[in-house]
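Undergrad: Could you look at this predicted model? Sequence included:
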Amino acid sequence: MGLLVLFGFARCPVAQWLHVPCPGCGMTRSVEALAHFDLAGVLRYNPLGPVHVALSAWIIARSMYVLARDGNLGALAHKNEATHMMYAFFALQVIQLVLWGLRWFGLFGGPCPV
C-alpha cells in the first residue's frame with residue numbers, strides 16, 4: 001500500500017469522491033514528515049499519525065514475539081493482553097474522531113489538505 005501511495009496510485013476514497021478529509025486523512029503524510037524530522041508537517045497533516053504507527057508496531061511486535069515463543073497467539077488471550085491492545089487501539093480511534101471534529105472548527109491547524 002505504501003508504494004501505491006508513494007507513486008500516487010492510491011488515494012483516500014473519501015477525499016477522492018467527497019473532496020473532504022476523512023478522520024485518518026494525512027496519516028501517511030504525517031509519518032513521512034516525521035521520518036524527515038518535520039514536526040510542523042506532522043502537526044499539519046495528522047498529529048496522531050506517529051501514535052498510530054507506534055501502537056501498531058507494539059501490537060505487531062508483541063504478537064510476533066508471543067507467536068515465536070509459544071507457536072500460537074493463545075497466550076495473548078490468556079493474559080487479557082489482546083483485550084488491552086484492542087482497548088488501546090479503540091481509544092486511539094475515538095481520539096482520532098474527536099481530533100477530526102475539532103479540526104473542522106479550525107483547531108489544530110484546521111482540516112488536513114486533500
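TA: Structure received.
Undergrad: Can you show me the strands along the chain?
TA: Under the criterion DSSP state E, the chain carries no strands.
Undergrad: Quick check: which ranges of it have low pLDDT?
TA: Counting by pLDDT under 70, the ranges of the chain that qualify are 1-12.
Undergrad: ok, which stretches of the protein are helices?
TA: All helices of the chain, identified by DSSP state H, fall at 2-6, 13-18, 27-35, 39-45, 49-70, 74-78, 81-104.
Undergrad: Could you identify which of the ones you listed is most buried?
TA: Most buried of the helices of the chain, by mean neighbour count (mean count of other C-beta atoms under 10 Å): helix 27-35, with a mean of 18. To be clear about C-beta, it is placed using only N, CA and C from the backbone, and glycine gets the same treatment.
Undergrad: For P23, which non-adjacent residue is spatially closest?
TA: Spatial nearest neighbour of P23, excluding adjacent residues (C-beta to C-beta, 6 or more residues apart in numbering): W100 at 4.0 Å.
Undergrad: cool, R44 as well?
TA: G109 (5.5 Å).
Undergrad: List the contacts of the one you found.
TA: By C-beta atoms under 8 Å, 6 or more residues apart in numbering, G109 lies in contact with 43-44, 103.
Undergrad: Out of the helices of the chain, flag the one nearest V114.
TA: Between V114 and these, the shortest gap by C-beta to C-beta is with helix 13-18, which sits at 4.0 Å.
Undergrad: Show me what the closest one is in contact with.
TA: Contacts to helix 13-18, defined as C-beta under 8 Å, 6+ apart, come from residues 20-22, 25, 114.
Undergrad: thinking in terms of the whole chain, how far from its middle is that helix?
TA: Relative to the centre of its chain, helix 13-18 is centred 18 Å away, using C-alpha atoms, centre = their mean, to the nearest Å.
Undergrad: again with stretch 67-77
TA: 25 Å.
Undergrad: now swap in stretch 24-31 and tell me
TA: 7 Å.
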